[in-house]
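Asks: Provided below for reference: sequence and predicted model.
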Amino acid sequence: MRTDDPLLQVGDDSLPPVRDVLAAIATGLWRWDNASGTVTLDAEAARLLGLPARAQTLTEAGVRSRFHPVDWNEIYGTVQLAVAEGTLAEARLRIMDETGRRVLRTVRSRSKPVLHDATEAYELIGTLQEVTEPAPGTAARTPVTGDWRRSREAFLLDAGRALAEARSTEEVLRVAAGLSMPGFSPDGLAVFGVAGDRLTIIGHHGHQPGDDGPFSAMPVDTDYPAAEVVRTGRAVYLSSPEDYRRRYPAAWPLASRFERQSWAFLPLTVAGRTMGAWMAAFTYPVSFTPDERSVLTTVARMLAQALSRAGVADSERELTEGLQRSMLPTLGPKIPGMSVAARYVPTGGGLQVGGDWYDMIPLPNGRIAFVIGDVQGHDVRAAGLMGQLRIALRAYASEGHRPDAVLSRATRFLSGITESITYGSSGSGTDAATEYDPRFATCLYVEADPATGVLEMARAGHPEPAIRMSDGTVLLRPTAGGLPLGIDPDADYPTTRLVLESGETMLICTDGLIETGGHDLDSGWARIRTILEGYAYEAEGAAGDGEGLERLADSLVQAVHGPSSHHTTGPLADRREDDIAVLLLSRTGRAEQHTDARRTVLTVAQAEPERIAGARRHLRDLLHDWADDDQVDSAVLMVSEMLTNVLVHTDGDALLVAEVTGEPGARRLRAEVADGSDDLPHKRQPGELASSGRGLVLMELLAGAWGVDPRGDGKSIWFELYEDAGASGPGSSGPEGDDVPA
């Protein structure tokens, strides 16, 4: 190498300024600040963009208006790839005039992104240089550098991810319409399917409504590119209108009115079967080079796979939604004197039907039966058993059977159909196989008299109902019950009777409403009670339009599982572990008397002494806002003693009636326990080690007033407590003092 070359001996001071060199070769400089959204141009860059030839700073929108929209999308994707990889961003851009209708020139852009470490913002510093526009018929939209390959790979990765995440045919079509291919992007898309021997339009983009009319229901043997693609399974590329007119003269009049310049028709193939065709139309000439055909073919394959998956998902969704609609009834016409609201929410994952159900059944005696239940499991078999059991219950109820008889027949029915599953032979003469697959179901059956508000209910292992009183107090109503249906075909189901007063609402639900979110029965009911007590809706008049009850049903469901996954995306948006069924029954109209009273009635049978504990909890719920906690403890103790005495000293059941009246701070509690025995309680003096005989002593010490009332068919013993502590000191006697029979 020669060292006496004069060019090598010239110092840096002998070189002309860089600005003069760039101006001499008609190259402009620009700087794009992503953080501020501004673009700074020197005089030459401004001239190339069709602006006055002076240095200036514009907004991103102002510069964007000078580029062809397709080119802007292209350079944006190229810049993002360059930012991610730390490489140069290169592209060919068309500069438009002020109207956006005419191309002034084509420029080549080379730029280098500069990242800011503290933030995710970046600056793009680069050059603009005018280049010669390619001749018609060449790949006018191909970048001039090796970045084409990287842009194509990035585009295909993004397109594949977006199509894979699409869950329905509509979403797939929306993703396909938004694809911006590197270097060439169609402005018209259409997806064709096949139904029998005819083409169908699955979806299209870039056309006006009604434009698909001539192409719908077109025979597959028609001389049309999409039909040929479906017949042969091979792509058709048309680079110019002349090419289209020459190859498909019969179809050209239909396509000519769209004023497109190039078309690509590609087969949508899945598992070796052509399921349709995809059309990509361009408003500028495209020669469809091997690289461009490779991109189109890859997109068509991904689109076919996405449409196939979405079609299966759409079919499954339609099937499950149809099955759900057919199995879950409508609540029918309004019931005079009552309002009803119901909700069913399937589990969050997989099959959108399950074993939960509710029903409303008109009875021959003019009453209405309300049923809610839950079949074990969340599979197809649970859904099938639910449908069979619901039909059986409706049949038994329509025959006029009482609630206990309906459930007794239902448990025999379910036991019979779940004893075994038999699946047939394979056709080779082998015997059918039998697999033991027992299932059970919980159920609550309520027979309601709309005129009187009387409810008679039988329970088979189901959660107990809750009653919301007119003042907002919520009580979990102890209800006699038996084993879940299907466990014992000879099980008995006792009947519980209560009265739903005007303004009161009964909630019955499946355990999905209670236990969703990791709750057990106690904490789940506490959550539901908070929702019921905190929700305020005005008491409905005699008409009872039920709008308040519908809002309450929505509040219960939304508070438990949150918004549906149809409105919130992401893997943790829908975390329901179980199906949810809710039924609300409200007695409309206003109570004529004691509108400020709370009243509850429950029975403790001789065979169910464990229900005394439930009665204690029930009384505490009734007195949840009582001012004096000591008085609440006293009331619970006295009620427990009264119920226990009935079960120990008589042969009948105990009937508890508790009522709270008056204004808060000055209320009265009256609790009464009745039985069928004529033997009156005797006051005794128990010894130190005696195990009984202290009941009346406690009444004298704790009650504000108490007494025993003989009845024609037995007796009742009662006590009263007063919320005003000054009126109910310990040791107050009953109305007759020591004259009470002892």
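Replies: Received it, and whenever you're ready, just let me know what you need.
Asks: hey, let's count contacts and neighbours off CA atoms from now on
Replies: OK.
Asks: ok, longest strand in the protein?
Replies: In the chain, assigned by DSSP state E, the strand with the most residues is strand 103-115.
Asks: buried residues in that strand?
Replies: When burial is assessed from 16 or more other C-alpha atoms under 10 Å, strand 103-115 yields the following buried residues: 104-113.
Asks: JSON lines for the residues you listed, including pLDDT?
Replies: Converted to JSON lines, the buried residues of strand 103-115 look like this (pLDDT from 0 to 100):
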{"residue": "L104", "pLDDT": "86"}
{"residue": "R105", "pLDDT": "87"}
{"residue": "T106", "pLDDT": "88"}
{"residue": "V107", "pLDDT": "88"}
{"residue": "R108", "pLDDT": "86"}
{"residue": "S109", "pLDDT": "87"}
{"residue": "R110", "pLDDT": "86"}
{"residue": "S111", "pLDDT": "86"}
{"residue": "K112", "pLDDT": "84"}
{"residue": "P113", "pLDDT": "83"}
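Asks: Surely G28 touches S111?
Replies: No - between G28 and S111 there is no contact, the gap being 11.6 Å when judged by C-alpha atoms under 8 Å.
Asks: Overlap in contacts, those two.
Replies: Residues touching both G28 and S111 (C-alpha atoms under 8 Å, 6 or more residues apart in numbering) are T127.
Asks: one step back: ok, the buried residues of strand 103-115 vs P681, which is closest?
Replies: Taking C-alpha to C-alpha as the measure, P681 sits nearest to P113 out of those, at 95.9 Å.
Asks: what's the next secondary structure element after the longest strand of the chain?
Replies: As assigned by DSSP states H and E, the chain's next helix or strand after strand 103-115 is strand 122-131.
Asks: which strands and helices sit next to that following strand?
Replies: On a contact count with 3 or more C-alpha pairs under 8 Å, 6 or more residues apart in numbering; DSSP states H and E, strand 122-131 meets strand 27-33, helix 43-48, strand 103-115.
Asks: Sheet partners, orientation included, of the first one?
Replies: Sheet pairing here is set by DSSP bridges, and for strand 27-33 it gives strand 38-41 (antiparallel), strand 122-131 (antiparallel).
Asks: What lies in contact with it?
Replies: Outside strand 27-33, the residues within contact range by C-alpha under 8 Å, 6+ apart are 22, 38-46, 48, 122-130.
Asks: now that strand, how far from the centre of its chain.
Replies: Distance, stretch centre to chain centre, for strand 27-33: 49 Å (C-alpha atoms, centre = their mean, to the nearest Å).
Asks: Any chance you could give me it in PDB, C-alpha atoms only?
Replies: The C-alpha trace of strand 27-33 is given here as PDB (Å, rounded to 0.1, in the frame of the first residue of the first chain):
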ATOM      1  CA  THR A  27     -29.700  14.100   1.200                       C
ATOM      2  CA  GLY A  28     -31.700  15.500   4.000                       C
ATOM      3  CA  LEU A  29     -31.400  14.900   7.800                       C
ATOM      4  CA  TRP A  30     -34.300  14.200  10.200                       C
ATOM      5  CA  ARG A  31     -34.700  13.500  13.900                       C
ATOM      6  CA  TRP A  32     -37.800  11.800  15.300                       C
ATOM      7  CA  ASP A  33     -38.300  12.200  19.100                       C
END
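Asks: For it, list every residue counted as buried.
Replies: For strand 27-33, by 16+ other C-alpha under 10 Å, it's 27-33.
Asks: JSON lines for those residues, including pLDDT and distance to L701?
Replies: Shown next, in JSON lines, are those (pLDDT from 0 to 100; distance: C-alpha to C-alpha, whole Å):
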{"residue": "T27", "pLDDT": "87", "distance to L701": "105"}
{"residue": "G28", "pLDDT": "88", "distance to L701": "102"}
{"residue": "L29", "pLDDT": "90", "distance to L701": "99"}
{"residue": "W30", "pLDDT": "88", "distance to L701": "95"}
{"residue": "R31", "pLDDT": "90", "distance to L701": "92"}
{"residue": "W32", "pLDDT": "87", "distance to L701": "88"}
{"residue": "D33", "pLDDT": "87", "distance to L701": "85"}
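Asks: rewinding a little: widest-spaced pair of the buried residues of strand 103-115?
Replies: Distance extremes for these: the farthest pair is L104 and P113 at 27.0 Å, using C-alpha to C-alpha.
Asks: List the buried residues in stretch 637-655.
Replies: 637-647, 650, 652-655.
Asks: ok so, going back, out of the strands paired with strand 27-33, deepest packed?
Replies: Most buried of the strands paired with strand 27-33 by mean neighbour count (mean count of other C-alpha atoms under 10 Å) is strand 38-41; its value is a mean of 21.
Asks: which outside residues touch that one?
Replies: 28-33, 55-60, 63.
Asks: so which of these comes closest to A559?
Replies: Nearest to A559 among these, counting by C-alpha to C-alpha, is E60 at 44.6 Å.
Asks: What does the closest one show for phi and psi?
Replies: Main-chain torsions, E60, degrees, to the nearest 10: phi -60, psi -40.
Asks: The one 3 residues further on now?
Replies: Per-residue torsions, V63: phi -70, psi -40 (degrees, to the nearest 10).
Asks: ok, it - contacts?
Replies: For V63, the contacting residues are V39, by C-alpha under 8 Å, 6+ apart.
Asks: What distance do you get for it to R293?
Replies: 32 Å (C-alpha to C-alpha, to the nearest Å).
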